[in-house]
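what follows is a predicted structure for the sequence shown.
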Amino acid sequence: MQWLELTVQVHPEAVESVSELLSNYSRDGVVIEEPYELSDDGQEYRILVGQPVQVHAYLPLDGTEEEKRQEIARGLWHFTSLGAHFVGELHSRVVDEEDWANAWKDYYHVTHIGSRLVIRPSWREYTPKEGEVVLTLDPGMAFGTGVHPTTRMCLERVEQLVKPGMQLLDVGTGSGILALAAAKLGATHIDAIDNSSVAVESSKANAEMNGLQQEIDVVLGVLDEAEARRKENHYDLVLANIIAHIIGSIAPQLAQVVAPHGLLVVSGIIEARRADAEGPLLAAGMELVEETRIDDWLAITYRKRA
């Protein structure tokens, strides 16, 4: 299968808005490529904070791709009102799915997060140190490698909050990285859900690669009212690393499935959009516990009021 790859360089503060625009046309989501520099012979890397970010989307070559590309270009043009440095030109090229997957391997390296977590791409070698918890990951075409600040902050919170025996829900699981970390840290069972079939396939494969297919149950779908009623008060910890307005739109369902006094961690939120998520969550019965921040990105922890 062939894809039309669309790439635009954006200011870090524009990543969420541009990603949301491209996601409306790219059925399998977007890929966010942050600038980095390598060390340790290419096995370690450091994100160059504050530098422009590349956002990629992929459209199947099905006869509608040119119309969609033009609509995306028009949408990006409106962002230029924020300043010419916020959004660059839209570039496109045709790629084969196999070639795309292999090329992206160059961008992923062993990542250390928190005090113990290590993310190891499946094609890279790594010898763990004592006490480290290693997740083997093949992101495929699904977002979630631990590189982006939102994923990093969520992983740090998972490391801090997960206790043996916990029941978790991971909404918008992507590659399954948060679910994998929770399982490795002792959670008894994790339900993971995503509305992308590519993400579901990727997360299932990653669970199997880590020997965690019994602990992690991945399904294709959304957290709707029916599912929330079925899982009411069920989870000790719920994770939702999505974007602010989506979190706000499902706030009642997120609150409903959290157990009394249980916790909810939400991310994918920039400071300017915080109210889009937080207002509905507070109205749904959650209370603020803690927030973490990298630049303008937030990960916020809430507790369900009894």
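Done, it's in. If you're wondering where the values come from, they're calculated on a predicted model, not measured in any experiment. Residues are numbered from 1 along each chain as shown.

from here on, just use CA atoms for contacts and neighbour counts.
Will do.

dump the residue contacts of Gln214.
Contacts for Gln214 (CA atoms under 8 Å, 6 or more residues apart in numbering) come out as none.

my read: Leu237 touches Leu263, true?
Yes: with contact defined as CA atoms under 8 Å, Leu237 and Leu263 form a contacting pair (4.8 Å).

in the chain, where's the longest strand?
The strand that spans the most residues within the chain, counting by DSSP state E, is strand 258-270.

now that strand: buried residues?
Buried positions in strand 258-270, judged by neighbour count with 16 or more other CA atoms under 10 Å: 258-270.

and stretch 135-153, what's its mean pLDDT?
For stretch 135-153, mean pLDDT rounds to 72.

quick one: the strand or helix carrying Asp276 to strand 258-270, angle?
Using DSSP states H and E, Asp276 falls within helix 274-283. Using axes from the mean of the first three to the mean of the last three CA atoms, to 10 degrees, the direction of helix 274-283 lies 170 degrees away from that of strand 258-270.

and the gap between Ala207 and Ala182?
When distance is defined by CA to CA, to the nearest Å, Ala207 is 11 Å away from Ala182.

okay, now the unreliable bits of this structure?
Within the chain, the segments meeting pLDDT under 70 span 27-29, 36, 38-46, 82-84, 99-107, 139-147.

what ranges does it have for its helices?
15-23, 65-79, 97-104, 149-161, 177-184, 197-209, 225-230, 244-249, 251-257, 274-283 (DSSP state H).

and those, which is most packed in?
When you average the neighbours per residue for each of the helices of the chain (mean count of other CA atoms under 10 Å), helix 177-184 leads with a mean of 26.

quick one, domains of this structure?
Residue ranges for the domains of the chain, per automatic domain parsing: 2-105, 143-304.

what lines up beside the longest strand of the chain in the sheet?
For strand 258-270, the paired strands and their directions (DSSP bridges) read strand 235-241 (parallel), strand 297-304 (antiparallel).

mean neighbour count and distance to Thr7 added to those, as CSV?
Converted to CSV, those look like this (neighbours: other CA atoms under 10 Å; distance: least, CA to CA, whole Å):
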stretch, mean neighbour count, distance to Thr7
strand 235-241, 24, 23
strand 297-304, 23, 22
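
now tabulate those in CSV and tack on distance to Leu4.
Conversion of the strands paired with strand 258-270 to CSV gives the following (distance: least, CA to CA, whole Å):
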stretch, distance to Leu4
strand 235-241, 26
strand 297-304, 29
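
which of those strands sits closest to Val94?
Proximity to Val94 (CA to CA) singles out strand 235-241 among the strands paired with strand 258-270, at 29.7 Å.

ok, and what's touching that closest one?
The set of residues external to strand 235-241 that reach it, using CA under 8 Å, 6+ apart, is 150-151, 154, 162, 166-173, 178, 247, 254, 257-259, 262-268.

so how far is it off the chain centroid?
13 Å (CA atoms, centre = their mean, to the nearest Å).

and the longest strand of the chain, C-alpha only, in PDB?
Presented in PDB, the C-alpha positions along strand 258-270 are these (Å, rounded to 0.1, in the frame of the first residue of the first chain):
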ATOM      1  CA  VAL A 258     -12.700   5.800  38.100                       C
ATOM      2  CA  ALA A 259     -13.200   4.100  41.500                       C
ATOM      3  CA  PRO A 260     -14.100   6.200  44.500                       C
ATOM      4  CA  HIS A 261     -10.900   8.000  45.600                       C
ATOM      5  CA  GLY A 262      -9.200   6.600  42.400                       C
ATOM      6  CA  LEU A 263      -7.000   8.600  40.200                       C
ATOM      7  CA  LEU A 264      -7.100  10.000  36.700                       C
ATOM      8  CA  VAL A 265      -4.000  11.200  34.800                       C
ATOM      9  CA  VAL A 266      -4.700  13.300  31.700                       C
ATOM     10  CA  SER A 267      -2.200  14.700  29.300                       C
ATOM     11  CA  GLY A 268      -1.700  15.900  25.700                       C
ATOM     12  CA  ILE A 269      -2.700  19.300  27.000                       C
ATOM     13  CA  ILE A 270      -1.100  22.700  26.400                       C
END
